[in-house]
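Asker: This is the structure alone, sequence omitted:
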């Protein structure tokens, strides 16, 4: 085996080295959202941006709800990797591929219901409603590819090959940006164009990713993927339990962001559009900080698999410190360049004016949220999924109640204050369940 194991003494330098490739790939992901927002925001009509915001939020909720295909894979693979059980790693991948196929068929069959619920849930103009349907109808076809990419990313994160997973995420994002820009700017396809760009980019990436992964497994593990002893009830039940808990957790999390879009729509399409712009800053910071969480997932899983408590605590303390310090740096950059970035994203003066008035929240959120992002990675890596599910359910419930009150009395500022409180609640609830992980050692 040519694959190098994690060191026992986990230093900040080692976490940074593992995280660097993830930094670049995570930088590329929100860049796609920023480019899409910029493409729609410069068409001179806020309905394009409003429609893309709602439709993308719906699709994000659906796709992220099945993020367990990445998160569950990382923890299981890392722990199996610590025990050198390579054959079971491959079987775990195949089992998750089967789950991804089933999920894709199910969601595609439910498309009419999804479109109907979206139309009833968001009270928009007829033109905006048609644009929303267009985006969802195209983007939903990318589900099989996007879910498969989740699994492959989880695999490479679990075996410490963050550079490989990052390379393919960058490829996906670059293709998405190039194709969406071409379809919108050259072919004038507006909302249809950004959805089509994502669809084509996803299938090109997954095709290349699958070929590479197959060859990687043959070379490094010296194992031919096989269906022999694949359908073992206990294995599927364990995988189902882990995945289902993460599914519920992610469903609640994505609903919370959909809830923000819903409340923003009730305040008016201008606020909806502005919140879509501001959320790009939140997403950018989240994906950047998640680099530490993603790389730590594998480290934590490996430490749990080896029953090495010292390595576990080193990974926890060093990664949280790095995440918080990086969040402070992001907030400083936002403070310096916020107006220039807003002006690049949209040329609509009223949207610029409203965005300037809400700048304070973009400066506050990154350091506040850094703790819950990192704790997520620690729980996922240790496969402590029941606790992460319960923590999210409690946090989202309190967030919804808080947001209704604050939005009623403080408008859009109240909505952003409630989002900040939500991040704090996530950290508090996860910290409460932290002792459950220690019992694994």
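Answerer: Everything's here; your move. These numbers come from a predicted model, not from an experiment.
Asker: Give me the nearest residue to residue 198, chain neighbours excluded.
Answerer: Closest residue to residue 198 apart from its sequence neighbours, by CB to CB, 6 or more residues apart in numbering: residue 176 at 5.4 Å. For the C-beta atoms, the positions are set from N, CA and C on the backbone; glycine is no exception.
Asker: Likewise for residue 291?
Answerer: residue 22 (3.9 Å).
Asker: still on that earlier bit, can you tell me the element the residue nearest to residue 198 falls in?
Answerer: When secondary structure is defined by DSSP states H and E, residue 176 falls within helix 162-181.
Asker: now the helices for the stretch 301-441 of the chain?
Answerer: For the stretch 301-441 of the chain, helices defined by DSSP state H, counting those that start in this stretch occupy the ranges 309-345, 349-357, 359-381, 385-432, 435-438.
Asker: can you put the ones you listed in TSV and add mean pLDDT?
Answerer: Converted to TSV, those look like this (pLDDT from 0 to 100):
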stretch	mean pLDDT
helix 309-345	91
helix 349-357	88
helix 359-381	92
helix 385-432	94
helix 435-438	86
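Asker: State the number of residues packed around residue 116.
Answerer: Using other CB atoms under 10 Å, residue 116 has 11 neighbouring residues.
Asker: name the element it belongs to?
Answerer: Following DSSP H and E, one finds residue 116 within helix 111-121.
Asker: And that helix, how far out from the chain middle?
Answerer: Here helix 111-121 is found 23 Å from its chain centre; the criterion is CA atoms, centre = their mean, to the nearest Å.
Asker: If you count contacts, what does the helix or strand just after it end up packed against?
Answerer: Going down the chain from helix 111-121, the next helix or strand is helix 126-139, by DSSP H and E. Packing contacts for helix 126-139, counted by 3 or more CB pairs under 8 Å, 6 or more residues apart in numbering; DSSP states H and E, involve helix 46-64, helix 111-121, helix 190-216.
Asker: got the angle between the helix or strand just after helix 126-139 and helix 359-381?
Answerer: Per DSSP H and E, the first helix or strand lying C-terminal to helix 126-139 is helix 143-158. Inter-element angle recorded for helix 143-158 and helix 359-381: 70 degrees (by axes from the mean of the first three to the mean of the last three CA atoms, to 10 degrees).
Asker: With respect to residue 279, which of the helices and strands packed on helix 126-139 lies nearest?
Answerer: Nearest to residue 279, of all the helices and strands packed on helix 126-139, is helix 46-64, at 8.1 Å by CB to CB.
Asker: Reformat the helices and strands packed on helix 126-139 as JSON lines; add mean pLDDT.
Answerer: As requested, the helices and strands packed on helix 126-139 are exported to JSON lines (pLDDT from 0 to 100):
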{"stretch": "helix 46-64", "mean pLDDT": "78"}
{"stretch": "helix 111-121", "mean pLDDT": "85"}
{"stretch": "helix 190-216", "mean pLDDT": "90"}
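Asker: for these, which one sits closest to residue 247?
Answerer: helix 46-64 (10.1 Å).
Asker: Report the spatially nearest residue to the most centrally placed residue in the chain, omitting neighbours in sequence.
Answerer: The residue lying closest to the centre of the chain (CA atoms, centre = their mean) is residue 64, at 6.3 Å. Nearest residue to residue 64, sequence neighbours excluded (CB to CB, 6+ apart): residue 254, at 4.5 Å.
Asker: If you count contacts, what does the helix holding residue 116 end up packed against?
Answerer: helix 46-64, helix 126-139.
Asker: I'd like to know which elements the first one is packed against.
Answerer: Where contact means 3+ CB pairs under 8 Å, 6+ apart, helix 46-64 is packed against helix 12-41, helix 111-121, helix 126-139, helix 143-158, helix 190-216, helix 233-267, helix 269-306.
Asker: chain center to it: distance?
Answerer: With CA atoms, centre = their mean, you get 15 Å for helix 46-64.
Asker: Next, the angle helix 233-267 makes with that helix.
Answerer: Interaxial angle, helix 46-64 versus helix 233-267 (the same axes, to 10 degrees): 160 degrees.
Asker: so residue 316 makes contact with residue 378?
Answerer: Yes - using CB atoms under 8 Å, residue 316 is in contact with residue 378, at 5.9 Å.
Asker: Common neighbours of the two, please.
Answerer: Common contact partners of residue 316 and residue 378 (CB atoms under 8 Å, 6 or more residues apart in numbering): 296, 300.
Asker: out of the helices and strands packed on helix 126-139, deepest packed?
Answerer: helix 46-64 (a mean of 23; mean count of other CB atoms under 10 Å).
Asker: Past that helix, which element shows up next along the chain?
Answerer: Helix 46-64 is succeeded, C-terminally, by helix 68-82 (DSSP H and E).
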